[in-house]
Every structure is written in C-alpha cells, then in structure tokens.
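S.K.: Return atomic coordinates for the entry below.
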Amino acid sequence: MSVESTTGPLTTATGAPVADNQNSETAGIGGPGLIQDQLLIEKLAHFNRERIPERVVHARGAGAYGTFTVTADVTRYTRAKFLSEVGKQTETFLRFSTVAGNLGSADAVRDPRGFALKFYTEEGNYDLVGNNTPVFFIKDALKFPDFIHTQKRDPYTGSQEADNVWDFWGLSPESTHQVTWLFGDRGIPASYRHMDGFGSHTFQWNNEAGEVFWVKYHFKTDQGIKNLTTAEAAEISGRDPDSHQRDLREAIERGDFPSWTVQVQIMPAAEAANYRFNPFDLTKVWPHEDYPPIEIGKLELNRNPQNIFAEVEQSVFSPHHFVPGIGPSPDKMLQGRLFAYGDAHRYRVGINADHLPVNRPHATEARSHARDGALYDGRHAGAKNYEPNSFGGPAETGRALWQPVAVTGSTGEQAAPSHAEDDDFVQAGNLYRLMSEDEKERLIDNLAGFVSQVSRDDIAQRAIENFRKADADYGKRLEAAVQALRG
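M.R.: Residues are numbered from 1 along each chain as shown. Okay, here's the model as predicted:
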C-alpha cells in the first residue's frame with residue numbers, strides 16, 4: 001500500500017531514490033536474499049549502530065530549552081557577561097534525570113534527580129551540573145566509583161542489593177545527611193516541575209577588580225514542592241514509567257511553562273578558612289542564617305526538544321565548562337567531576353560531541369585548534385591549527401576565567417583542612433529535628449523498609465548507629481521499626 005508523499009521520494013543515506021521499501025531483493029521468488037541489496041544492508045547496518053553507550057549515571061532523563069533572565073545586579077560579585085545587567089536573557093537547556101537507574105527505568109523512583117543546566121552565553125557555554133538536593137553522599141571523588149557500584153546491579157545477582165547499599169552507607173558516615181534527604185518526603189518528586197534544583201557544589205565568582213566570592217546556587221520551583229509517597233510512586237511507575245518526562249513535555253505543549261526563582265548564597269573568600277565547618281564539603285549546606293540566599297534571576301522552560309536522542313541523549317554537560325567570572329572551588333568532589341564528565345562524554349558521544357547543535361555555543365563561535373576525529377564537520381576549513389601563528393588565527397586573551405586559590409603544604413593523600421564544627425552527623429540531625437511528626441514517621445518507614453532487607457545484622461546495626469549519632473530519637477525509632485519488620 002503506497003501513500004502520497006508531500007516531501008519527495010524516500011532515499012538512501014546517500015540520496016539515491018528508493019524503489020521498494022517493503023520487499024528486499026531475492027534470487028528469484030521466495031529465494032535467498034542478496035547482499036547486493038543496498039537498502040537492506042544500509043538499514044540493518046545502521047540499526048545495529050543506532051545506540052550509543054548510555055550514561056553510567058543519570059542515564060534516564062528528559063530535557064527542555066528555556067530562558068534565564070537576570071533580576072538583580074550582581075556585578076559587584078562576578079564579571080560574567082550573561083549576569084551583567086538586570087533584564088538580560090540567556091538561552092538555556094536543562095536536562096533532568098534520575099541517578100542510579102538505567103535508560104529504561106521508571107521516573108517515579110526514590111533517587112536523587114540530576115539538574116544539569118546549560119547557559120548558551122555570549123562568552124561560550126556555561127554548564128551548571130547539579131541535583132535536586134543541596135548535598136551529596138560523599139565528599140571525595142575517589143569514592144564515587146565505589147558508591148555508584150553499590151547503587152547499580154550486583155555482579156552476582158544482577159540486581160540492586162540492600163546489603164551493598166547499606167554496607168557502604170554504614171561504613172561512610174558522611175552519607176547520613178544525604179540519606180536523610182533521600183528517604184524523607186522529598187525523595188520522590190511528583191514531577192520534574194515540582195522540585196527544587198541546586199548547584200550543590202561551592203563555586204567561585206570573581207569580579208572585574210579580581211575579588212573572589214564563594215557561591216552556592218539554588219533553583220526554587222515556582223510551581224511549589226510536590227512529592228509522592230512510596231505507595232503512590234510504585235503505582236505510577238507500574239502504570240506509566242515515563243510519568244516525569246510526559247508531565248514536562250505536556251506542560252510545555254499546553255503553554256504552562258515551568259519556572260524557577262534562582263538564588264545564590266555568597267561568602268566572601270576571606271571567610272572560608274575560619275568558617276565553622278569546611279565550606280567546600282559537599283555533604284553540608286550553608287545555613288541560611290549565616291549566608292541568606294539572594295534572588296538573582298528567573299529560569300523558564302518554554303520549548304521541547306524535537307528529537308530526544310539528538311538533543312537529550314547526545315547533550316553533554318561538564319562542570320568544567322566555565323565562562324569568565326566563574327570558576328571551581330577546592331571541593332574535592334567537584335575537582336573529580338571536572339575531569340570525569342568531559343571524559344565520559346568523549347567516550348560516550350564522541351570526541352566532537354561539541355559540534356552537535358544542542359552542545360554548540362549559540363552567541364559565539366568556538367575557535368579552538370582541536371581538529372579531526374570521528375564526525376569532524378570541517379568547520380575550520382583550511383585555517384591553521386596551531387597557536388601562536390602569524391596568519392590571523394585566534395589568540396590567547398592573557399586573562400584567566402577565574403582567580404587563583406592560594407595553597408600550602410605537601411602533596412599526598414590528605415583529608416580536607418579541619419574546621420571547628422566539621423562533623424558528619426550534625427546537619428543530618430538538624431534536618432531530622434526540622435521535620436514534623438508525620439514527616440518523621442514517613443522517613444522512618446521508608447528507611448526501615450530498606451534497611452530490613454539486608455541479610456546481616458551487623459550491616460543493619462552499623463547503618464542504624466549512624467542515624468543514632470545524628471539524633472538519639474532518630475536512631476531509636478529506626479531500630480525499633482527495623483526490628484519489627486525483621487521479626
């Protein structure tokens with residue numbers, strides 16, 4: 001059955017018209033297929049290579065384009081041009097994701113959510129790669145592969161195992177704060193639109209005078225916080241595994257554009273050394289009474305991608321993508337991510353992933369001397385590929401994007417510098433005590449349901465002791481709940 005075309009004839013990848021897309025060539029009627037069938041070979045060969053490796057973490061995701069608008073003057077803190085004046089707008093692309101699940105997993109699960117935001121600024125792309133929680137499970141990138149191995153499938157059973165998860169968390173007390181977040185009410189957002197986002201790490205801002213400030217980013221949802229209970233999430237996951245992706249797409253399609261109020265906490269650089277705890281520790285928040293958040297902008301998502309593979313799966317983000325006026329901090333988790341993200345995408349998408357439309361700068365041209373490699377698009381034509389040169393090629397500016405940070409001491413495997421109130425349990429206990437009685441009950445139920453699945457009492461007890469150190473009531477109630485479930 002043929003249908004009338006409005007776009008011209010179907011062709012092969014090289015443009016030759018296709019006569020028959022319903023039947024492959026054979027040696028006589030009913031005979032064996034022929035290798036000379038160009039279309040058959042082309043389609044099967046392409047199909048075998050259509051997928052690229054999925055992300056090791058954050059594999060399951062959705063994304064949308066939008067606009068960031070500056071609402072406050074922050075030029076005393078940063079010289080970043082996209083933040084240079086009130087009312088200025090910058091195009092953005094935001095990818096949401098779960099962390100541990102694979103590409104085919106459900107959206108409505110108990111897991112942190114990635115919040116990866118690309119700003120297409122006039123000085124190049126700036127990527128802010130965060131989560132929907134202000135803290136994380138660990139504070140040193142050296143432990144990240146081990147942590148993720150506990151969240152993924154066990155090499156023997158092929159399933160996520162409670163033994164692995166709680167063994168690692170129990171032996172890593174710095175995880176207590178993030179685990180309290182994860183198993184509380186905000187552990188399963190109702191949608192991507194109804195959750196906050198955070199840069200999570202501490203970053204550097206520097207102004208025209210070279211003054212340095214440490215900052216933390218907060219994206220407060222304008223739709224309000226909405227979450228799912230464990231039971232609600234299980235029902236939705238079985239009925240509609242794509243619930244979050246569908247909700248985001250349909251909201252934008254009907255013109256109900258989701259938005260976030262963007263805030264920052266700002267710490268003068270000189271205050272970091274003597275702050276009461278390490279301000280670069282990813283397992284801790286800066287209390288708002290110390291550094292009140294100030295509003296700097298609005299983020300709105302208003303355009304859906306037209307092709308999920310091309311624009312969401314092949315989008316690449318790296319916390320190393322800075323612009324003048326913004327840079328890294330001594331956060332050891334951030335330092336590891338500066339390498340790992342770019343390296344992962346060069347392997348996963350390819351060495352020229354930045355040439356893809358979703359990853360290209362919009363308002364400026366990338367003028368590097370990186371050439372060749374798979375899918376190189378020839379953008380440089382015959383221009384010289386070295387610097388310095390006397391043929392009018394791009395040259396260095398002589399001005400670093402961020403300010404240097406003073407360091408002292410010897411090299412070696414060392415913990416972060418000690419601060420007066422460095423502790424793995426204080427902030428987890430504070431978070432627990434902020435909860436209402438109903439919130440505490442749900443937290444205990446969620447934790448106990450998972451802890452009770454471990455096969456060894458010592459693993460369960462070690463995990464419970466970390467919560468007891470955060471708050472005596474917290475540990476006591478969790479222990480009783482686990483014992484009730486384990487009989």
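
S.K.: Return the alpha-carbon coordinates of the lowest-mean-pLDDT helix or strand in the chain using CSV.
M.R.: Of all the helices and strands that make up the chain, helix 38-48 has the lowest average by mean pLDDT, DSSP states H and E, namely a mean of 92. Output of helix 38-48 as CSV, limited to C-alpha atoms (Å, rounded to 0.1, in the frame of the first residue of the first chain):
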residue,chain,number,x,y,z
GLN,A,38,21.9,-1.7,-0.9
LEU,A,39,18.9,-0.6,1.1
LEU,A,40,18.7,-3.8,3.2
ILE,A,41,22.4,-3.7,4.1
GLU,A,42,22.3,0.0,4.8
LYS,A,43,19.2,-0.2,7.1
LEU,A,44,20.4,-3.3,9.1
ALA,A,45,23.9,-1.9,9.5
HIS,A,46,22.6,1.4,10.7
PHE,A,47,20.1,-0.2,13.0
ASN,A,48,22.9,-2.2,14.7
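
S.K.: got the buried residues for that helix?
M.R.: Within helix 38-48, the residues that count as buried by 16 or more other C-beta atoms under 10 Å are Leu39. C-beta: built from backbone N, CA, C; applies to glycine.

S.K.: now do stretch 168-188
M.R.: By neighbour count, with 16+ other C-beta under 10 Å as the criterion, the buried positions of stretch 168-188 are 168-170, 172-188.

S.K.: taking the residues you listed one by one, which sit in helices?
M.R.: Counting by DSSP state H, the part of the buried residues of stretch 168-188 found in helices is Phe168, Trp169, Gly170, Thr176, His177, Gln178, Val179, Thr180, Trp181, Leu182, Phe183.

S.K.: between those, which is nearest Asn352?
M.R.: Distance to Asn352, by C-beta to C-beta, is smallest for Gln178 among those, at 35.8 Å.

S.K.: quick one on the thing from earlier: what's the first helix or strand after the least confident helix or strand of the chain?
M.R.: Following the chain from helix 38-48 toward its C-terminal end, the next helix or strand by DSSP states H and E is strand 61-70.

S.K.: Could I get the average pLDDT for that following strand?
M.R.: For strand 61-70, the per-residue pLDDT values average out at 98.

S.K.: Which elements pack onto that strand?
M.R.: Using 3 or more C-beta pairs under 8 Å, 6 or more residues apart in numbering; DSSP states H and E as the contact criterion, the secondary-structure elements in contact with strand 61-70 are strand 89-98, helix 243-253, strand 294-303.

S.K.: Not counting the least confident helix or strand of the chain itself, show me its contacts.
M.R.: Thr12, Ala13, Ala16, Val18, Asn21, Ser24, Glu25, Gly33, Ile35 (C-beta atoms under 8 Å, 6 or more residues apart in numbering).

S.K.: so Thr283, which of the three states?
M.R.: Of the three states, Thr283 takes coil according to DSSP: H, G, I helix; E, B strand; the rest coil.

S.K.: hey, where'd the strands end up in the stretch 301-450 of the chain?
M.R.: With DSSP state E, counting those that start in this stretch, the ranges of strands along the stretch 301-450 of the chain come out as 326-327.

S.K.: got the helices and strands packed on strand 61-70 as JSON lines, with distance to Asp424 and mean neighbour count columns?
M.R.: Written out in JSON lines, the entries for the helices and strands packed on strand 61-70 read as follows (distance: least, C-beta to C-beta, whole Å; neighbours: other C-beta atoms under 10 Å):
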{"stretch": "strand 89-98", "distance to Asp424": "25", "mean neighbour count": "22"}
{"stretch": "helix 243-253", "distance to Asp424": "31", "mean neighbour count": "18"}
{"stretch": "strand 294-303", "distance to Asp424": "29", "mean neighbour count": "18"}
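
S.K.: Of these, which is nearest Arg110?
M.R.: It's strand 89-98; of the helices and strands packed on strand 61-70, that one is closest to Arg110 (C-beta to C-beta) at 9.5 Å.
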